[in-house]
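> what's the 3D shape of this:
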Amino acid sequence: MIHKIIIPTPYAVGDVNSFLIKGDALSLVDAGPKTPEAYEALKYGLKEAGYTFNDIEQVILTHHHPDHMGWIDAFDNAEVLGHAYNNFWLKRDEAFFNYHDQFYLDRLIEEGVPEKYLGWVKKMKRSVDLMGERPLDRIITEGDALPGHHGWTVLETLGHAQSHVVFWNEQTRAMIGGDLVLEKVSSNPLIEPPINPSDDRPRSLLQYNESLKRILEMPVDVIYGGHGEEVRNAHPLIEKRLVKQQERAMKVLAMMDNGPRTIFELTKELFPAVYEKELGLTLSETIGQTDYLVANGFIHETMGEGGVYHYEKA
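The predicted model follows:
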């Protein structure tokens, strides 16, 4: 049994989905943002299925973004399961938050962002007040059997988030997919600090593309996504989105016809109307396309004066 609960969010993406799954354990996948409206929606959705908060035995997280892990605190009798990366946020880890801010400051400087915009570092921190505040009881990772749910396996699908996992049932060909494949929009592969501070910056778009290509090799019939309706014809949709991503990368490549460019210069040209308002998202998008172009040999990345990266055609 998979029962969808639709929960409002304060974000532009709109409603988020939680999924009640019944097996040997009664589990809820994702728990909305920590707002009063989301709490009431969860309460109503559970009641509609014949349950209360106290009946839930496990809350399982697809990833650490606040619209997915807000109300884990409401389930007193449940264990919370998820990727280890979630714990940095759930524990309000001060050392991680300091590293987090320094990571983004370093990235903004590398990207050639003018000093007047460096205050954006404070805005890069996700809405901690909309997240739950209890650590994971159990860490799940690639290849794990989903506890209490025979036939369901955990797959690590990084890209949109450095904590992202999905749940796959080979027998029923169903997937609970978080924000990996959504019905109407392509998820933004967000630039996030690596779980290990000594690692290089994750190439989020390349990770995301690999996660999507992995789904292309699986006999998936239905994906229960984190937003919108279920996706029942995933393969053509994924192929179409991979083509669109390549087309966006070629647009960025053309911007280098007149010589080297910085990430900030490319972002201003790509998103002239919104880059100031949505600097984090637009820089993430631009970085993703340049990562793709570098990885495929179309452009070179060189470190210039002041520690700023410049990109030019190969």
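> so where's this protein shaky on pLDDT?
126 (pLDDT under 70).
> rerun that using 90 as the cut-off
Within the chain, the segments meeting pLDDT under 90 span 1, 12-13, 93-94, 119-129, 233, 258, 304-306.
> do a quick rundown of the helices in it.
36-48, 86-90, 94-110, 204-216, 234-254, 263-270, 279-295 (DSSP state H).
> what ranges do the strands span in the protein?
Taking DSSP state E as the criterion, the chain contains strands spanning 2-7, 16-22, 26-29, 58-60, 79-82, 138-139, 152-156, 165-169, 174-178, 222-225, 299-303, 309-313.
> quick one on the thing from earlier: looking at the helices of the chain, spot the one closest to residue 130.
helix 36-48 (8.7 Å; Cβ to Cβ). Glycine gets a C-beta too; all of them are placed from N, C-alpha and C.
> and the closest one, what does it pack against?
Counting contacts by 3 or more Cβ pairs under 8 Å, 6 or more residues apart in numbering; DSSP states H and E, helix 36-48 packs against strand 2-7, strand 16-22.
> can you give me the buried ones in it?
Buried residues in helix 36-48, counted by 16 or more other Cβ atoms under 10 Å: 38, 39, 41, 42, 45, 46.
> for residue 233, see how far away residue 202 is.
30 Å (Cβ to Cβ, to the nearest Å).
> what about those two, which has more around it?
residue 202 (19 against 11; other Cβ atoms under 10 Å).
> any figure for the gap between that one and residue 160?
11 Å.
> before we move on, what about residue 89?
In terms of Cβ to Cβ, residue 89 sits 15 Å off from residue 160.
> of those two, which one has the most company?
residue 160 (26 against 23).
> for the closest residue in space to that one that isn't next to it in sequence, the count of nearby residues, please.
Excluding the flanking residues, the one nearest residue 160 by Cβ to Cβ, 6 or more residues apart in numbering is residue 187, at 4.2 Å. A total of 22 residues lie near residue 187 under the criterion other Cβ under 10 Å.
> quick one: residue 187 and residue 209 touch, right?
No. In this structure, residue 187 is not within contact of residue 209 by Cβ atoms under 8 Å, at 11.5 Å.
> returning to that earlier point: export the helices and strands packed on helix 36-48 to JSON lines and tack on distance to residue 280?
Formatted as JSON lines, the helices and strands packed on helix 36-48 follow (distance: least, Cβ to Cβ, whole Å):
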{"stretch": "strand 2-7", "distance to residue 280": "24"}
{"stretch": "strand 16-22", "distance to residue 280": "20"}
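> okay, those, which one's buried deepest?
Comparing the helices and strands packed on helix 36-48 by mean neighbour count (mean count of other Cβ atoms under 10 Å), strand 16-22 comes out on top with a mean of 22.
> name the residues that touch it?
1-7, 9, 26-33, 42, 45-46, 49, 51, 67-68, 149, 152, 176, 224-228 (Cβ atoms under 8 Å, 6 or more residues apart in numbering).
> so who does residue 171 touch?
residue 151.
> TSV for the strands of the chain, including distance to residue 281?
Shown next, in TSV, are the strands of the chain (distance: least, Cβ to Cβ, whole Å):
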stretch	distance to residue 281
strand 2-7	22
strand 16-22	18
strand 26-29	25
strand 58-60	27
strand 79-82	24
strand 138-139	29
strand 152-156	24
strand 165-169	23
strand 174-178	18
strand 222-225	20
strand 299-303	21
strand 309-313	19
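> what's the closest of the ones you listed to residue 264?
Closest approach to residue 264 among the strands of the chain is made by strand 309-313 (10.2 Å; Cβ to Cβ).
> quick check: buried residues in stretch 83-91?
Buried, per 16+ other Cβ under 10 Å, within stretch 83-91: 83, 85, 86, 87, 88, 89, 90.
> separation between the residue at the greatest distance from the centre of the chain and residue 242?
What lies farthest from the middle of the chain is residue 258; by Cα atoms, centre = their mean that is 34.3 Å. Residue 258 sits 29 Å away from residue 242, taking Cβ to Cβ as the criterion.
> now residue 252
Residue 252 is 16 Å from residue 242, by Cβ to Cβ.
> of these two, which one has the most company?
Higher neighbour count among residue 252 and residue 242: residue 252, with 23 against 16, using other Cβ under 10 Å.
> wouldn't residue 307 be in contact with residue 110 here?
Yes. Here residue 307 lies in contact with residue 110, judged by Cβ under 8 Å, at a distance of 6.2 Å.
> these two - which one has more neighbours?
residue 110 (19 against 10).
> who touches that one in this structure?
263, 307, 308, 309.
> apply 10 Å and report the result again.
For residue 110, the contacting residues are 201, 262, 263, 264, 287, 301, 303, 306, 307, 308, 309, by Cβ atoms under 10 Å, 6 or more residues apart in numbering.
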